[in-house]
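1. What would the 3D arrangement of this be:
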Amino acid sequence: MDVVKTQQISARPIEKVIVHPLVLLSIVDNYNRVAKDTRKRVVGVLLGSSYKGTVDVTNSYAGSFISSSPSPSASRLCLNLVTGKLTALKGLEARLKEIRGYLDLVIDGKLPLNHEILYHLQDVFNLLPNLNVSDLIKGFSVKTNDMMLAIYLSSLIRSVIALHNLINNKMHNKEHERAEDSKQVAVTAAAGS
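-> Numbers count the residues shown, from 1 in each chain. Next comes the predicted model:
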């Protein structure tokens, strides 16, 4: 998990930026929860990848915003929160890779089965929240439906724009053909005289 700093991004030419609909939905949701009908600022962190001039934003999360004075220039983002979350994610990723590697070796028969480790893994899974609570299931359904609506609307908008461009292209081609035909008629009329 690499962190791309602003200086590194500005050194590479960015040709295309892709922001996934879930990111936009998450931003709007955070704004509605935190700062709707107030003058508070909402700051977030965008997570994604940059490859060959394409920035692909796949996730986002809210950051803390601290303002020591009312002027925007004195406001600053709480970098400790961002750094802490990044460090925690890197640590989690490393631990999950270790667990996966161990389980792969056990499955392949290269390591003997250690019941104590499996007991702890089972404890981890048992500590996960019960997802069969009806309110939680309904909440997940509503959230998923909202996300799917955003994806559906973005697909509809893309389709309408594509159709609009297609119609404009067809009209432009017909006008071009008419102009070519009128030039040919004028040339043949001039040649015939």
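2. can I assume residue 178 sits in a strand?
-> No: the assignment for residue 178 (DSSP: H, G, I helix; E, B strand; the rest coil) gives helix, which keeps it out of a strand.
3. so residue 39 is in which element?
-> Residue 39 is part of no helix or strand, with elements assigned from DSSP states H and E.
4. That one: neighbouring residues, count only.
-> 6 (other Cβ atoms under 10 Å). Any C-beta I mention is one placed from the backbone N, CA and C, and that applies to glycine too.
5. pLDDT score assigned to it?
-> On pLDDT, residue 39 comes in at 76.
6. what's it sitting at in phi/psi?
-> When read as degrees, to the nearest 10, the backbone of residue 39 gives phi -100, psi 20.
7. just the one 5 residues further on next, same as before
-> Geometry field for residue 44 lists phi and psi as phi -140, psi 170, criterion degrees, to the nearest 10.
8. Share the number of residues neighbouring residue 60, please.
-> For residue 60, using other Cβ under 10 Å, the count is 20.
9. Sticking with it, tell me its helix or strand.
-> Residue 60 belongs to strand 54-63 when assigned by DSSP H and E.
10. how about that strand: buried residues?
-> Using 16 or more other Cβ atoms under 10 Å as the test for burial, strand 54-63 gives 55, 57, 60, 62-63.
11. Check which helices and strands that strand is in contact with.
-> strand 16-19, helix 21-34, strand 43-51, helix 79-107 (3 or more Cβ pairs under 8 Å, 6 or more residues apart in numbering; DSSP states H and E).
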